[in-house]
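Chemist: Sequence first, predicted model second:
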Amino acid sequence: SSCSSVTEQPGFLSPPQVAERVAAERAECCGNGRSTGYQIRLQSRLPRKQGSILYCTTGIVLQWLQSDKHLSSISHIVLDEIHERNLQSDVLMSIIKDLLNIRLDLRVILMSATLNAEKFSEYFDHCPMIHIPGFTFPVVEYLLEDVIEKLRQVYTPEKMDRRLHWRKGFMQGHVSRPEKEEKEEIYRQQWPGYLRQLQGRYSASTIDALEMMDDDKVDLDLIAALIKHIVLEEEDGAILVFLPGWDNISTLHEILMCQVMFKSDRFIIIPLHSLMPTVNQTQVFKKTPPGVRKIVIATNIAETSITIDDVVFVIDGGKIKETHFDTQNNISTMAAEWVSKANAKQRKGRAGRVQPGHCYHLYNGLRASLLDDYQLPEILRTPLEELCLQIKILKLGGIAYFLSKLMDPPSRDAVMLAINHLMELNALDRQEELTPLGVHLARLPVEPHIGKMILFGALFCCLDPVLTIAASLSFKDPFVIPLGKEKMADARRKELSRNSKSDHLTVVNAFTGWEEARSCGFRNEKDYCWEYFLSSNTMQMLHNMKGQFAEHLLAAGFVNSRNPKDPKSNTNSGNEKLLKAVICAGLYPKVAKIRPSFSKRRRMVKVCTKTDGSVNIHPKSVNVEETEFHYNWLVYHLKMRTSSIYLYDCTEVSPYCLLFFGGDISIQKDKDQDTIAVDEWIVFQSPEKIANLVKKLRQELDDLLQEKIETPQPVDWNDIKCRDTAVLTAIIDLITTQENEGVRNYAPRFQGECYS
């Protein structure tokens with residue numbers, strides 16, 4: 001057969017599961033040259049080339065486009081779960097839409113369980129639509145007023161002044177979008193009339209309770225009371241609770257475990273979150289013995305990514321954690337938002353898979369009528385730098401022009417901000433074409449700043465630890481937090497930091513220990529992960545990603561081996577100060593200033609950034625309670641506004657790190673003092689002679705970097721007469737031998753509002 005079908009799915013968990021299921025239904029094994037297979041990042045079981053069905057992630061198809069822009073080996077492509085509107089899926093849809101004008105033989109099918117089909121049909125030039133009804137058992141839905149009516153004998157909400165609540169605004173913790181504010185104004189105006197409609201249908205106590213409730217908060221006491229009601233009054237069946245985030249999940253778990261009945265062996269309570277150990281994800285699928293009820297407390301991961309067959313009762317908390325990118329302030333914000341109608345439908349559908357079910361929505365009927373139809377597409381709420389590089393490497397034309405063709409184009413401000421950032425990084429030139437550095441960054445499967453860190457790790461021969469950091473920043477933190485053991489987990493993480501004052505080096509130390517344990521056998525590895533609260537699966541993924549990064553560097557000519565631990569690539573891997581400098585090279589200009597606090601209550605430090613003023617170090621950071629830093633500067637990767645602005649991960653760096661690996665250097669006279677400045681805002685006192693020496697050495701480094709980017713080749717550290725080796729050795733010596741006494745000669749002078 002000439003048929004070669006590819007089904008693209010957004011989540012990396014789905015392709016293997018679906019491929020295995022389809023292969024089983026075809027009475028075959030998966031892969032090994034049979035008809036059905038899958039391919040995801042760093043893992044594949046490929047089918048035969050013709051007469052085949054391949055399930056893969058969106059990123060895999062985008063990779064194919066780099067070498068075959070017409071996807072000439074594919075006859076049919078199925079885009080699944082397109083309602084999720086993630087960034088890569090939207091880009092792929094636009095590419096395929098254009099491709100259909102060239103490849104008239106290509107057949108494309110768009111699929112989704114909850115879909116605004118007309119919008120997608122219109123985007124694809126009014127293509128035909130097919131509706132295939134699927135069977136689910138009936139699900140009875142309840143709104144907040146129904147829940148309160150059921151529980152009015154056992155539950156009374158805290159009293160709230162609704163006028164004060166409304167004065168605070170609709171969505172706390174982030175900049176509200178105009179359409180959200182408009183809907184909240186409609187809600188305020190219609191609220192009195194809605195309460196009048198409920199009179200006669202619900203008791204006066206229920207209406208009073210609705211009036212008292214703060215519906216912007218997830219009421220965990222109400223959820224606990226509802227779970228107890230289901231257990232005592234309803235039939236058997238698992239309960240699935242949807243909550244927006246970790247804090248809600250851990251608090252509800254605590255509330256339940258404080259009640260005697262839930263401590264018994266008649267209940268299995270399973271929290272499900274990315275921070276939890278992976279054992280929870282397997283436990284959730286197991287059938288419970290007769291007389292035992294399963295209670296799963298999950299984020300929206302349980303909406304589509306996983307299916308729990310024995311769920312009969314769903315409690316929809318009504319909120320979902322969503323990240324938005326504020327282009328005006330150049331900061332990501334994360335807050336609990338109201339679910340969309342599509343989310344609510346998905347949650348309801350979890351209850352009717354094996355028998356008739358029940359779904360309790362913890363918002364009132366008026367709120368339900370004003371929910372958005374769908375979540376905001378990811379491309380409208382995320383930074384675009386990595387996507388811009390992808391557009392250029394795929395030769396899709398001008399960045400702004402291509403993005404304007406998407407189903408929901410991002411704002412011009414967001415596009416220009418990304419382009420300007422890439423120009424500052426020297427990844428794009430003034431004509432918006434890829435520079436030699438931009439080509440390398442575009443080919444690395446990471447965000448541009450992390451790609452730059454990888455290249456510096458190769459150049460300075462400290463590759464292995466830098467690849468560990470890059471993998472963890474690109475994938476996720478390997479640490480997990482079992483409920484009830486949060487303090488112990490924090491202590492283990494702090495132990496692994498080894499006083500480095502660096503979250504990034506803490507991950508390096510954890511990974512090094514994991515490799516040593518793994519070399520001693522499976523049991524040692526498991527014990528190590530258990531002792532230090534690490535996810536074994538995540539560590540394995542980081543290991544695989546490091547190999548992938550090393551393959552890219554070998555192909556580009558930066559290293560001589562695909563082994564990240566090759567001794568020639570790791571001459572300087574034991575130099576902690578150099579590692580911090582390379583981290584600085586990748587993360588700059590994400591810099592924060594440390595200032596001592598003179599609080600009488602407790603010793604602490606204050607942290608501020610150039611654009612935000614005062615910020616907080618996140619509680620999970622090893623630096624959150626640190627009071628004694630060697631230097632006054634931190635670099636960070638993730639900064640996010642929730643209830644406050646937090647730096648989620650940070651590393652202490654010295655002035656020399658900023659001078660050699662930061663922005664442009666200038667030498668100034670300031671009030672009769674000689675100073676040297678980085679990008680004119682990070683200013684140090686310095687004798688003119690030393691400042692000129694640093695500036696000259698920095699220029700030598702910049703020239704060397706440009707040369708290595710244009711013609712990549714490893715540095716020969718044995719050739720002491722080589723200019724490259726001499727320059728790099730001089731810089732490493734300065735970074736490594738700078739002692740605390742020397743810092744006083746380079747005491748930073750604060751500039752700007754934050755540093756006045």
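Modeler: Ah, there it is.
Chemist: For stretch 47-67, buried residues please.
Modeler: Neighbour counts over stretch 47-67 (16 or more other Cβ atoms under 10 Å) mark 47-48, 52-62, 64-65 as buried. Glycine gets a C-beta too; all of them are placed from N, C-alpha and C.
Chemist: Repeat that for stretch 655-673.
Modeler: Neighbour-count burial for stretch 655-673 flags 655-663, 665 (criterion: 16+ other Cβ under 10 Å).
Chemist: Make JSON lines out of these and add pLDDT.
Modeler: Listed next are the buried residues of stretch 655-673 as JSON lines, based on pLDDT from 0 to 100:
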{"residue": "P655", "pLDDT": "93"}
{"residue": "Y656", "pLDDT": "93"}
{"residue": "C657", "pLDDT": "94"}
{"residue": "L658", "pLDDT": "95"}
{"residue": "L659", "pLDDT": "94"}
{"residue": "F660", "pLDDT": "94"}
{"residue": "F661", "pLDDT": "94"}
{"residue": "G662", "pLDDT": "92"}
{"residue": "G663", "pLDDT": "90"}
{"residue": "I665", "pLDDT": "91"}
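Chemist: Filter these down to just the ones in strands.
Modeler: The subset of the buried residues of stretch 655-673 located in strands under the criterion DSSP state E comprises I665.
Chemist: List the contacts of H273.
Modeler: The neighbourhood of H273, defined by Cβ atoms under 8 Å, 6 or more residues apart in numbering, consists of 245-246, 249, 298-299, 301.
Chemist: could you pull out the helices for the stretch 1-150 of the chain?
Modeler: Counting by DSSP state H, counting those that start in this stretch, the stretch 1-150 of the chain forms helices over residues 14-25, 58-67, 87-99, 117-123, 144-151, given from the N-terminal end onward.
Chemist: Of the ones you listed, give the one that comes closest to S369.
Modeler: Distances from S369 to each of those were compared using Cβ to Cβ; the shortest belongs to helix 144-151, at 12.9 Å.
Chemist: Show me what that closest one is packed against.
Modeler: For helix 144-151, the helices and strands in contact under the criterion 3 or more Cβ pairs under 8 Å, 6 or more residues apart in numbering; DSSP states H and E are helix 204-212, helix 220-233, strand 357-361.
Chemist: Please identify the most buried of those.
Modeler: For the helices and strands packed on helix 144-151, the largest average neighbour count (mean count of other Cβ atoms under 10 Å) is found in strand 357-361, namely a mean of 24.
Chemist: Quick check: neighbours of that strand in the sheet, parallel or antiparallel?
Modeler: Next to strand 357-361 in the sheet, as set by DSSP bridges, lie strand 139-142 (parallel), strand 311-316 (parallel).
Chemist: For V339, which of the ones you listed is the nearest?
Modeler: If you check each of these against V339 by Cβ to Cβ, strand 311-316 wins as the nearest, at 7.1 Å.
Chemist: Quick check: mean pLDDT of that closest one?
Modeler: This predicted structure assigns strand 311-316 an average pLDDT of 96.
Chemist: which element follows it toward the C-terminus?
Modeler: Under the assignment DSSP states H and E, the closest C-terminal helix or strand after strand 311-316 is strand 319-326.
Chemist: Remind me what whichever helix or strand comes after that following strand packs against, helices and strands.
Modeler: Under the assignment DSSP H and E, the closest C-terminal helix or strand after strand 319-326 is strand 331-338. Using 3+ Cβ pairs under 8 Å, 6+ apart as the contact test, the elements touching strand 331-338 are strand 319-326, strand 639-641.
Chemist: Now the following helix or strand past strand 331-338 - C-alpha only, CSV.
Modeler: Once strand 331-338 ends, the next helix or strand along the chain (criterion: DSSP H and E) is helix 341-349. The C-alpha coordinates for helix 341-349 follow below in CSV (Å, rounded to 0.1, in the frame of the first residue of the first chain):
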residue,chain,number,x,y,z
LYS,A,341,-17.2,25.8,28.8
ALA,A,342,-15.0,23.3,26.9
ASN,A,343,-13.0,22.6,30.2
ALA,A,344,-16.3,22.1,32.0
LYS,A,345,-17.6,19.7,29.3
GLN,A,346,-14.3,17.7,29.5
ARG,A,347,-14.6,17.4,33.3
LYS,A,348,-18.2,16.3,33.1
GLY,A,349,-17.2,13.6,30.6
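Chemist: hang on, the earlier thing: for R34, which of the helices of the stretch 1-150 of the chain is the nearest?
Modeler: Across the helices of the stretch 1-150 of the chain (criterion: Cβ to Cβ), the nearest stretch is helix 14-25, sitting at 6.8 Å.
Chemist: ok, L483 - contacts?
Modeler: The neighbours of L483, taking Cβ under 8 Å, 6+ apart as the test, are 250, 253-254, 271, 276.
Chemist: Over to M541?
Modeler: With contact set as Cβ under 8 Å, 6+ apart, M541 has these partners: 42, 471, 475.
Chemist: between those, which is closest to W681?
Modeler: A471 (31.5 Å).
Chemist: right, and the closest one touches L542 too?
Modeler: Yes - counting by Cβ atoms under 8 Å, A471 sits close enough to L542 to count as a contact (4.3 Å).
Chemist: Counting neighbours, go ahead and name the busier of these two.
Modeler: A471 (28 against 24; other Cβ atoms under 10 Å).
Chemist: What distance do you get for the more buried one to L496?
Modeler: As judged by Cβ to Cβ, to the nearest Å, A471 and L496 stand 17 Å apart.
Chemist: Please apply the same query to K49.
Modeler: Distance, K49 to L496, using Cβ to Cβ: 47 Å.
Chemist: Please, where are all the strands along the stretch 151-300 of the chain?
Modeler: With DSSP state E, counting those that start in this stretch as the definition, the stretch 151-300 of the chain shows strands at residue ranges 238-242, 267-272, 293-298.
Chemist: for those strands, which one ends up most surrounded?
Modeler: Highest mean neighbour count among the strands of the stretch 151-300 of the chain (mean count of other Cβ under 10 Å): strand 238-242, with a mean of 27.
Chemist: Number of residues surrounding N101?
Modeler: 8.
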